[in-house]
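[1] what shape does this take:
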Amino acid sequence: MGISPSSLLDESKSNYIRGCAEAELKEFSPHYRRQYSVVFFSQVQDELEQQKEKIKQLLKQRGPPKAGEVLYEEQVLHFDYTRKWKERYMVVRANYCLECHDSFEVSRTMVCVCTEEFAPPTIGMPGQFPVYLRLPYRRDYYFCFRQEARQDAFLSILSDCIRHQNQDFLKKKTVEVQAFLKAVHLYRQEKGCYDSWNMLIGSDVRVLANLVMEELLPSLEKDMLPHLKAKKTERKRVWFATIEAAYILVQECLLEGLSVLKEECKTAACQQEVLIRSDMDLILHSRTYLEGKLRASVSEPAEKFCSEGVQPYLASILEELMGPISSGFQEARLLSDNQMDQLKPNLLSCYQRINSLHDQLHDLQERFGFSNISNLVHSTQIDLQQLIENAAYSFELLLYKAKETSTDNVGSAMEKSRHMVLKQYDYDSSTVRKRIFQEALVGITLPHIKKNLAATCKTDLQGLEQFIDADYSNFVHVENIYEGILLQSLGKEVSKVVKDAASLNKHNLFTDSRDPLSQTSRSSLLSIPSTPSSPARVPFSPTHL
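    Numbers count the residues shown, from 1 in each chain. Model prediction:
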């Protein structure tokens, strides 16, 4: 029998854990409410002014797959709670959740929870190719394969799941997500945590649960670990199961509370929208007035620290970023050239090049306190995967159009289509990489700036709320304006160093004025139908990392 959460956490301990989760959410909620109003206001402002310039990309992007679309399915050996290896049917759908079923038939109706008790012995393992999956605050999972190729395929889709489960929520541009991310940053800074956080992964519930567990784990270790009723050989297994039970309980508590909080913020935003639209100019005037007050006191120390403590290092950090990332994108280009008709070719070597950022950026921890390299790697790998899929889809559309207009010389049409897609890939690759570099440079250095200016500027921020009109206090906040001033100072330096690299054509980066496509080829692409009736969505097999 497996260990159930109820047998690990008695009522007293469960209530204590629920109390910790509820207290964390209560403390976090004011930050989220404020940021929701600020982000919602910015969204309405952008809509009215239509001032946000959309990033131009030339390759076409296929619509998202249906949530139930199967990306991977395979019979695998799983080490379960009976301490035996058993056949399980694994399924990964387009939401990148890993499902474990008793059989193929059961997989069509229900999902079984994968659990394990402890690491299996290597002696007696039914295959030579094991896979161990370790997750934060969860027990480990163990799988085994008899063929290396099947192990590779499983590792590939498993890595895709990890990347997308960790990053897809964070990449969303909705009001809810952007407000949540900003609230988390400010909430942690209020506690004195300015450095990057490697547990900023997954959904909002997971992120908040990670915050709770950071503070909860030490007390659980102190109160429960010495009193575990288990044999010496079983203690580690029981302890991991206890932590998992606590983590699940925390998420259950937060899910309900966070859902209520988001609904309240959404309702409040709808009520505020009339005021925002009618008083937009007055709100902006209030924000500009406060910004002027802030600039007078913080601009000089901010620019001084930025020029002395950050700017001298930007070019060298960019060099460390450009090498692995551009190498991965270039290898993907070569791969796309050779396998353009495949929706998801083998990207293992491309991903590995990007993964070398772990070695390249190792020294940033000491100087800038930046340790969240995995998030940067995973996010970049997702961008690369999307670019490759766009190239395959654009090639499909071009080829379809060529065949529709002329049935003669299909080989020539394929070659022309391939050549055009590669040019478009070069342009989009440059655009995507410049965005990655700029965001990474800001992500690495901005927390460092805020941390070092905290003592100097904190007193300047206090008392400025009095200059905000009470009617507009939901949309204008000192902390947001302060960060905006820092971003402007840093942004100028970051843009300059990236533009300098592009002007030197480093790693095939294009300047804004450089366009690798002629007007003829551009108009040719733009005339392609976006939803052809002939070519169906190409089914794809599991990819390699």
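
[2] going by C-alpha atoms from here, please, whenever you check contacts or count neighbours.
    Will do.

[3] in the stretch 251-400 of the chain, what spans have low per-residue confidence?
    341-345 (pLDDT under 70).

[4] now the helices for the stretch 351-500 of the chain?
    Along the stretch 351-500 of the chain, the segments classed as helices by DSSP state H, counting those that start in this stretch run 357-360, 364-368, 373-405, 410-461, 478-503.

[5] who wins for proximity to Ser316 among those?
    For the helices of the stretch 351-500 of the chain, the distance to Ser316 is smallest for helix 478-503, at 9.7 Å, taking CA to CA.

[6] what mean pLDDT does the closest one get?
    In this model, helix 478-503 carries a mean pLDDT of 95.

[7] between that helix and helix 410-461, how big is the angle?
    Put simply, helix 478-503 runs at 140 degrees to helix 410-461, going by axes from the mean of the first three to the mean of the last three CA atoms, to 10 degrees.

[8] list the buried ones in helix 478-503?
    478, 481-482, 485-487, 489-491, 493-494, 497-499, 501-503 (16 or more other CA atoms under 10 Å).

[9] got the helices of the stretch 351-500 of the chain as a markdown table, with distance to Ser336 columns?
    Shown next, in a markdown table, are the helices of the stretch 351-500 of the chain (distance: least, CA to CA, whole Å):
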| stretch | distance to Ser336 |
| --- | --- |
| helix 357-360 | 23 |
| helix 364-368 | 33 |
| helix 373-405 | 7 |
| helix 410-461 | 8 |
| helix 478-503 | 23 |
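
[10] hey, which of those helices is tucked in deepest?
    helix 373-405 (a mean of 21; mean count of other CA atoms under 10 Å).

[11] name the helices or strands packed onto that one?
    Here helix 373-405 touches helix 148-167, helix 311-338, helix 348-355, helix 357-360, helix 410-461, going by 3 or more CA pairs under 8 Å, 6 or more residues apart in numbering; DSSP states H and E.

[12] only alpha carbons, please: show the third one as PDB.
    This means helix 348-355. Only the C-alpha atoms of helix 348-355 are listed here, as PDB (Å, rounded to 0.1, in the frame of the first residue of the first chain):
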ATOM      1  CA  LEU A 348      18.600  18.000 -29.100                       C
ATOM      2  CA  SER A 349      21.900  19.500 -30.200                       C
ATOM      3  CA  CYS A 350      20.300  23.000 -30.500                       C
ATOM      4  CA  TYR A 351      18.900  22.800 -27.000                       C
ATOM      5  CA  GLN A 352      22.200  21.600 -25.600                       C
ATOM      6  CA  ARG A 353      24.000  24.600 -27.000                       C
ATOM      7  CA  ILE A 354      21.600  26.900 -25.300                       C
ATOM      8  CA  ASN A 355      21.900  24.800 -22.100                       C
END
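
[13] what residues of that helix count as buried?
    Applying a neighbour-count criterion of 16+ other CA under 10 Å, one finds Cys350, Tyr351, Gln352, Arg353, Ile354, Asn355 buried in helix 348-355.

[14] what is the orientation angle of that helix with helix 311-338?
    180 degrees.

[15] could you chop the chain up by domain?
    5-56+169-281, 70-165, 288-526 (automatic domain parsing).

[16] and those domains: which comes nearest Gly63?
    domain 288-526 (10.2 Å).

[17] Gln178: which of the helices of the stretch 351-500 of the chain is closest?
    Nearest of those (CA to CA): helix 478-503, 13.0 Å.

[18] for that closest one, name the packing helices and strands.
    By 3+ CA pairs under 8 Å, 6+ apart, helix 478-503 packs against helix 280-305, helix 311-338, helix 410-461.

[19] between those, which one is nearest to Gly68?
    helix 311-338 (27.3 Å).

[20] elements contacting that closest one?
    Against helix 311-338 (3+ CA pairs under 8 Å, 6+ apart) you get helix 348-355, helix 357-360, helix 373-405, helix 410-461, helix 478-503.

[21] buried residues of it, list them for me.
    Under 16+ other CA under 10 Å, the buried positions of helix 311-338 are 311, 314-315, 317-318, 321-333, 335-337.

[22] and the angle for that helix with helix 280-305?
    Using the same axes, to 10 degrees: helix 311-338 against helix 280-305 is 110 degrees.

[23] distance to Lys236 for the helices and strands packed on helix 478-503 - can I get that in CSV?
    Converted to CSV, the helices and strands packed on helix 478-503 look like this (distance: least, CA to CA, whole Å):
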stretch, distance to Lys236
helix 280-305, 48
helix 311-338, 38
helix 410-461, 36
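
[24] which among those helices is found nearest to Asp80?
    In terms of CA to CA, the element of those nearest to Asp80 is helix 311-338, at 37.7 Å.

[25] from Phe305, how far out is the nearest residue to Leu361 once chain neighbours are set aside?
    In this structure, Leu361 finds its nearest non-sequential neighbour in Glu320, 6.7 Å apart by CA to CA, 6 or more residues apart in numbering. Applying CA to CA, to the nearest Å, the value for Glu320 to Phe305 is 22 Å.

[26] returning to that earlier point: how much space separates the residue nearest to Leu361 from Asp359?
    10 Å.

[27] now do the contacts for the residue nearest the centre of the chain.
    Centroid-nearest residue in the chain: Gln167, 2.4 Å away (criterion: CA atoms, centre = their mean). Residues near Gln167 by CA atoms under 8 Å, 6 or more residues apart in numbering: Ile201, Gly202, Asn375, His378, Ser379.

[28] the same query, at a cut-off of 7 Å, please.
    Ile201, Gly202, Ser379 (CA atoms under 7 Å, 6 or more residues apart in numbering).

[29] repeat that for Met322.
    Listed by CA under 7 Å, 6+ apart, Met322 has no contact partners.

[30] and it, how far is that from Phe329?
    For Met322 relative to Phe329 (CA to CA), the value is 10 Å.

[31] low-confidence bits of the stretch 1-150 of the chain, can you list those?
    Within the stretch 1-150 of the chain, the stretches with pLDDT under 70 are 1-7, 51-55, 103-124.

[32] which residues of it fall in strands?
    70-79, 85-93, 98-101, 129-133, 141-145 (DSSP state E, counting those that start in this stretch).
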